[in-house]
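S.K.: Prediction below, plus the sequence it came from.
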Amino acid sequence: MSQSQAVPSVFPTATRERPATRVVLTGVTIVLLVILLLLPLTVIFTEALSRGLGAVGVALTDPDSLASIKLTLLVAAVSVPLNTVCGLAAAWCIGRFQFRGRSLLLTLIELPLSVSPVISGLVWVLLFGANGWFGPMLDRAGVRIIFAVPGLILATLLVTFPFVARTLIPLMQQQGAAEEEAAITLGAGFWQMFWRVTLPNMRWGLLYGVLLGNARAMGEFGAVAVVSGHVRGQTMTMPLQVEALFNDYDWIGAFTIAGLLSLLALVTLAVKAALEWRIGERSGALL
Amino acid sequence: MTVELLRLRKSFGRVGALDDVSLTIAGGEFIALLGPSGSGKTTLLRALAGLEFVDSGDIVINAQSMLGVPARQRGVGFVFQHYALFRHMTIARNVAFGLEVRPRGRRPASREIRSRVQSLLDLMEIGDLADRYPDQVSGGQRQRVALARALAIEPRLLLLDEPFGALDAKVRKSLRVWLRQLHDRMGLTSIFVTHDQVEAMEMADRVAVLRAGRIMQVDVPDKLYAEPANAFVHEFLGESVRLDCTIVDNLTQIEGLPGTTLATDCPPGPAVALIRPNEVGLSPGPGPARVESVHANGPMRRLRIVVGGQVLEVLRTEDAWMPVIGETCNLDLSRARNYPGTDQDRVRPSAGSVIPAKKPNRNSVPG
C-alpha cells in the first residue's frame, strides 16, 4: 500500500513547476487567448449585430454579397473534391512506394504551405494572364482564366493541395500495406481492395484533411485576391467581399459576411474537435 | 499437388534476398522454412504468394508456372505475421472477404457465405466471436481468425509467416499442436516460416534451413538434427560444442588435444568438429578433461569441462556416470561431426558451447 502511494508522487515532481509559475503561465495563456482570439470574434458578431438582425438580413440579401457566397461555395465545391482525389493519389504514391525523388515530391507537396499565398496566385497570372506564357493563346481561343472563376479555382487548388495528402501520408505509412496485401491474396482486385480496405481504414484521417482543406478553400484571401480582378458580383469570394465592403465603409455588410465566414470556421473547428476526439478514443481501431 | 521452386533469385537493390533457391514440395506436406532474420525465408514465402517478384527462376504449382499469375489469382492462402485482419470489419466479415470479392459468377449466395463462415469459425473454435471486431479479441484468437480467413478461399497452398511470433509461450504451444492437427485433418499443403528451431522441428514434415538467401539443407527433422549437412545447420538446430581442428590423412586432430585423433572423410586442411553436449562421452580415468562445475538442469546435469584450455559444456543424464568437481576423466569425442572450413562459417555463437577458459585453469589441464 505504501509503495503504491509513493510511486505516483515520485514521477510528477520531476516536471512539476512551482504553483506560482503555473499560475503565471496559465494566466498569460488565457489573457493572450482572450486578446487574440475571443475579442476579435466577439467584435465581429457585435459589430454585425449592432443595428439589429434586420440590418444583417439586408446585408445578406445584397446581390453582390449573395453572389460572393455562391462563388465561395462553388470554388470550394470544385477544389475540395479535386484535391481529395489528388491528395489520395499522392498519399498512396508516397505512402506505399519507394522510388527515386520520393522525398522531393514530399517537399513539393508541402510547398504551398510555406510559400506566400500571393505567390500561389501570382504564378497563375504569370502563366495564364494577358501577358503570361499562355495568355495570348488563351485569348485567341476565347478562354478566360485570370480574372474569372477558373483562375479562382486554380489558385484555391494550389493553396489547399497539401491538406489531404499531408494528413494521409503518415497515416498510410503507419498502417502499412499488410491489410491491402491480405485483400489481394484473398482474391480482391484493385478497386475492391481500395473501396473495402484502403478507404475505410483512412476514412477519419481523410475527413479530417478534407475539413481542413475546405476551411482554407473558403477562407483563402491572398492567392484569390491576385487572380480575382475584383469584379463585384462576379469574381468576389467572401473574403474579398469583406474587404470590399469594409473599404466602402459598409461596416454592417463587412461584418455580416465576416461573421458568416467565422461561423463556417467555428463549425469546422467543432467537427474537427469531434473527429479528433473520436480518433483519439479508438486510435488503435480507426487510425 | 506439387509446388516447385526452381532456381529462384531475388535481390533488393544490392542486397541479395534469395540466391538460387530450389525446393520441391509434395501435396499434403507441412514444410518449415527455418533461418535467422535476413535469411530470405519471408521473401521466399511472399514470392510464392505473388506479393514479391523474383528476378529469375520459376515457381511452378501443379505444372503451371506462377510467374505470370497475379497474387489474387494464385489461390494461395496467406497468414500474415501480425495477422493483417481488416480492423474495420467484424470477424465474420473478415472471414467472408475472400468469398465476397469473387466475381458474380463464382460468388456463393450470401446465405451460403454466411454458413460457410460460421462453419469455418466453428472449426477454428471461435464460433461465438463472429460479431466482434479484431481489436476485441486476444492474440491467439486473432491468429485463428487469420487462419479462417485464409482457408475460406479453399487455397491449394497455405502459407504462414511466423504464425506464432506474436503469441506468448503457452498459447504458442497449444496452437502449434492444433495447427498441425488441422493441417492433417483438412489435407492442406502448408509452408510456414519461423526462426524458432524447436517450432520447426516439432511441427514440420520437412524443414528447409536457410541462410543468407540459400537453402543449406532440406530434410526431415530427425535427420536434420542427427546429420547436419554443414556447420551452420549443426549450430542452428541445437546446442553445439565447437572445436577447431585440422584434418591430416583422414584423421582429425583437435587443437589443444594432441592425443586425440578421430577418423573422418573430411578433406584435409582446417576444419571444425561439432558435437552436441549430450554426445560428449565421459568415463573414469586419468584423461585430459577436468570438471569445473556441475549444475542440475531438469532431467540432465550440465557440466563445465576444461579441456586443452577451453571450457566445454556437457550434458549428462542423471543415471550416467558422474564425475565430481575437480576430478579429471577421459573424454570421448567420437560422435563429433567434422566440417571443412574455419570460424567464418559461424553465424551465431550459440550460447554455452565453447567458452575461453579462465586463466587459472590452464595450468591444471594435463597434456
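M.R.: That came through fine. Given the structure is predicted, the values throughout are model-derived calculations rather than measurements.
S.K.: Looking at the nearest residue to residue B:327 once chain neighbours are set aside now. What's its pLDDT?
M.R.: In space, and not counting its chain neighbours, residue B:327 is closest to residue B:291: 5.3 Å by Cβ to Cβ, 6 or more residues apart in numbering or on different chains. Placement of C-beta: from N, CA and C, glycine included. Here the pLDDT value assigned to residue B:291 is 89.
S.K.: Same question for residue B:203.
M.R.: For residue B:203, the model assigns a pLDDT of 91.
S.K.: That one: how many residues sit nearby?
M.R.: Other residues near residue B:203 come to 23 when the count uses other Cβ atoms under 10 Å in any protein chain shown.
S.K.: show me the contacts for it.
M.R.: By Cβ atoms under 8 Å, 6 or more residues apart in numbering or on different chains, the contact set of residue B:203 is B:30, B:32, B:176, B:179, B:180, B:192.
S.K.: Sitting in strands, which of the residues you listed do you find?
M.R.: The strands, defined by DSSP state E, take in B:30, B:32, B:192 from the contacts of residue B:203.
S.K.: For the last one, which non-adjacent residue is closest in space?
M.R.: Yep, that's residue B:192 we're talking about. With sequence-adjacent residues excluded and distances taken as Cβ to Cβ, 6+ apart, residue B:192 is closest to residue B:160, at 3.9 Å.
S.K.: From what I see, residue B:268 and residue B:249 are in contact.
M.R.: Yes: contact criterion Cβ atoms under 8 Å: residue B:268 and residue B:249 qualify, at 7.2 Å.
S.K.: Looking at those two now, which is surrounded by more residues?
M.R.: It is residue B:268, of residue B:268 and residue B:249, that has more neighbours when counted by other Cβ under 10 Å, with 13 against 8.
S.K.: ok, for that one, nearest residue in space, not its chain neighbours?
M.R.: Using Cβ to Cβ, 6+ apart and skipping the chain neighbours, the partner closest in space to residue B:268 is residue B:247 (4.9 Å).
S.K.: biggest helix in the chain, by residue count?
M.R.: I'll assume chain A. Assignment by DSSP state H gives helix A:63-96 as the longest helix of chain A.
S.K.: Chain B, not that one
M.R.: Chain B, longest helix under DSSP H: helix B:169-186.
S.K.: Report the buried residues of that helix.
M.R.: Neighbour-count burial for helix B:169-186 flags B:171, B:172, B:175, B:176, B:179, B:180, B:182, B:183 (criterion: 16 or more other Cβ atoms under 10 Å in any protein chain shown).
S.K.: Show me what that helix is packed against.
M.R.: Packing partners of helix B:169-186 (3 or more Cβ pairs under 8 Å, 6 or more residues apart in numbering or on different chains; DSSP states H and E): helix B:139-151, helix B:197-203.
S.K.: rerun that using 10 Å as the cut-off
M.R.: Using 3 or more Cβ pairs under 10 Å, 6 or more residues apart in numbering or on different chains; DSSP states H and E, the elements in contact with helix B:169-186 are strand B:30-34, helix B:110-123, helix B:139-151, strand B:157-161, strand B:190-194, helix B:197-203.
S.K.: Reformat those into CSV and put distance to residue B:299 next to each item.
M.R.: Shown next, in CSV, are the helices and strands packed on helix B:169-186 (distance: least, Cβ to Cβ, whole Å):
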stretch, distance to residue B:299
strand B:30-34, 26
helix B:110-123, 37
helix B:139-151, 29
strand B:157-161, 32
strand B:190-194, 26
helix B:197-203, 17
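S.K.: how would you label residue A:27: helix, strand or coil?
M.R.: What DSSP: H, G, I helix; E, B strand; the rest coil gives for residue A:27 is helix.
S.K.: is it true that the residue nearest to residue B:192 touches residue B:78?
M.R.: Yes: contact criterion Cβ atoms under 10 Å: residue B:160 and residue B:78 qualify, at 7.9 Å.
S.K.: Now do the shared contacts for these two.
M.R.: Contact criterion Cβ atoms under 10 Å, 6 or more residues apart in numbering or on different chains; residues bridging residue B:160 and residue B:78 by contacting each: B:45, B:146, B:150.
S.K.: Name the residues of chain A found near chain B, please.
M.R.: Residues of chain A found near chain B (Cβ under 10 Å from any Cβ of the partner chain) are A:98, A:175-190, A:192-193, A:196-197, A:199-201, A:203, A:282, A:284-287.
S.K.: count of residues packed around residue 80?
M.R.: Assuming you mean chain A. 23.
S.K.: Chain B was what I was after
M.R.: 22.
S.K.: now the one 5 residues further on
M.R.: By the criterion of other Cβ under 10 Å, residue B:85 has 24 neighbours.
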